[in-house]
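J.: Please work out how this folds:
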Amino acid sequence: MAVVAWIGLGNMGGPMTANMVKAGHTVKGFDLSPNALAAAGAHGVEAAASIAAAVQGADVVFTMLPKGDHVRSVYFGEAGILANAATATLLIDSSTIDIDSAQAVHDAAAAAGFRFVDAPVSGGMSGATAGTLTFMIGGESGAVADASGFIEPMSANIIPTGGATTGQAAKICNNLMLFINLASTSEGAVLADRLGLDKQVFWDIASVSSGDSWALRTWYPVAGVVPTSAANNDFAPTFTAELANKDIGLAIAAARSTDTPLEIGEHVQQLFQRLIDGGQGAKDCSMIVSLVDGSLQTGEAAPGPNAAASNQATPGPAASNA
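T.: Model prediction:
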């Protein structure tokens, strides 16, 4: 069994580390949030007082953080991973971040003699808890193969994506499709209701027809239809509107850098921005349905596709992931 260092013990990192402990690994975790540390400790994670303490003697280091700035801050600098881990340690970043930040860490890690892979995940908090996440892993083939061995207790699918940053590219494109699907699902659900269709009958039809999607089956934004829907719990977050806005903003930024028009994606980003402007950024992203059914009035969507960046908090050295 391995010694695992884990930086970022929030809504995803917490349950992921619990599965690593269940698999028999020793996990040393660090997070700026005392509550996150305590919650992870209840599942057998050893609390570390610093990044340096967490990575000491580790075979592998995982990072799971909200934004590229956070990832840069925990890897770089005198208190960071690259300055304190042994070069034999495999480095795995499972955050969802911008391509430039992922490339910067790949480059810095290689220059310092480390092996590093970008390995973002899909499956959300439920998948993190169940150990059924999909990992998309970009990097040198040998490092990807070794990372896959460590990842196994947390995953249902491990998919090598190619060279450096291709894991992030896969995740960004996947999330773009997810949020567009969520918006279309919200519109279809509200329209079906107003045309007199029973909510369960319509879902039963759509889920076996051409309107089917992961968003419909898992995040259907109408209470009393899908057990995993946040609509059943007043839209308590499984994935916040702020994080959705951040992620779709990553896709828009990547699209602009490659001259790729994302007309639908940009419109969906504006919907998430309207939720945030209406004070609902901490609610579940499926609350986007409130902009369709009229239960949330937020006015016109003034911010453009770059609004996600303007709403990012000032990064700390190891903020909790969402």
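J.: Can you show me the strands along this structure?
T.: Using DSSP state E, the strands found in the chain span residues 3-7, 26-30, 46-47, 60-63, 90-93, 115-118, 121-122, 133-138, 155-162.
J.: Could you list every helix and strand that the second one packs against?
T.: Looking back up the chat, that one is strand 26-30. The contact analysis (3 or more C-beta pairs under 8 Å, 6 or more residues apart in numbering; DSSP states H and E) places strand 26-30 against strand 3-7, helix 13-22, helix 34-41, strand 46-47, helix 51-55. Every residue, glycine included, has its C-beta placed from N, CA and C.
J.: for these, which one sits closest to L65?
T.: Nearest to L65, of all the helices and strands packed on strand 26-30, is strand 3-7, at 7.1 Å by C-beta to C-beta.
J.: can you pull the pLDDT of the closest residue to P261 other than its chain neighbours?
T.: Excluding the flanking residues, the one nearest P261 by C-beta to C-beta, 6 or more residues apart in numbering is A255, at 7.2 Å. According to the prediction, A255 has pLDDT 97.
J.: for A255, what are its contacts?
T.: P261, L262, G265 (C-beta atoms under 8 Å, 6 or more residues apart in numbering).
J.: among these, who's most crowded?
T.: G265 (22 neighbours; other C-beta atoms under 10 Å).
J.: And for the closest residue to that one other than its chain neighbours, the neighbour number?
T.: Excluding the flanking residues, the one nearest G265 by C-beta to C-beta, 6+ apart is L176, at 5.4 Å. L176: 22 surrounding residues under other C-beta under 10 Å.
J.: if we can go back for a sec, give me the subset of the contacts of A255 that lies in helices.
T.: G265 (DSSP state H).
J.: Reformat the contacts of A255 into a markdown table and put distance to S126 and pLDDT next to each item.
T.: Output for the contacts of A255, formatted as a markdown table (distance: C-beta to C-beta, whole Å; pLDDT from 0 to 100):
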| residue | distance to S126 | pLDDT |
| --- | --- | --- |
| P261 | 33 | 98 |
| L262 | 28 | 98 |
| G265 | 25 | 98 |
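J.: and the nearest residue to T260 once chain neighbours are set aside, what does it touch?
T.: Spatial nearest neighbour of T260, chain neighbours left out: A254 (7.8 Å); criterion: C-beta to C-beta, 6+ apart. By C-beta under 8 Å, 6+ apart, A254 lies in contact with D98, I99, A169, I172, T260.
J.: between the helix ranked longest in the chain and strand 133-138, how big is the angle?
T.: In the chain, taking DSSP H as the definition, the longest helix is helix 166-194. With axes from the mean of the first three to the mean of the last three C-alpha atoms, to 10 degrees as the basis, helix 166-194 and strand 133-138 are set at 140 degrees to each other.
J.: got a list of what A170 touches?
T.: So A170 contacts P120, M136, G138, I159, T161 (C-beta under 8 Å, 6+ apart).
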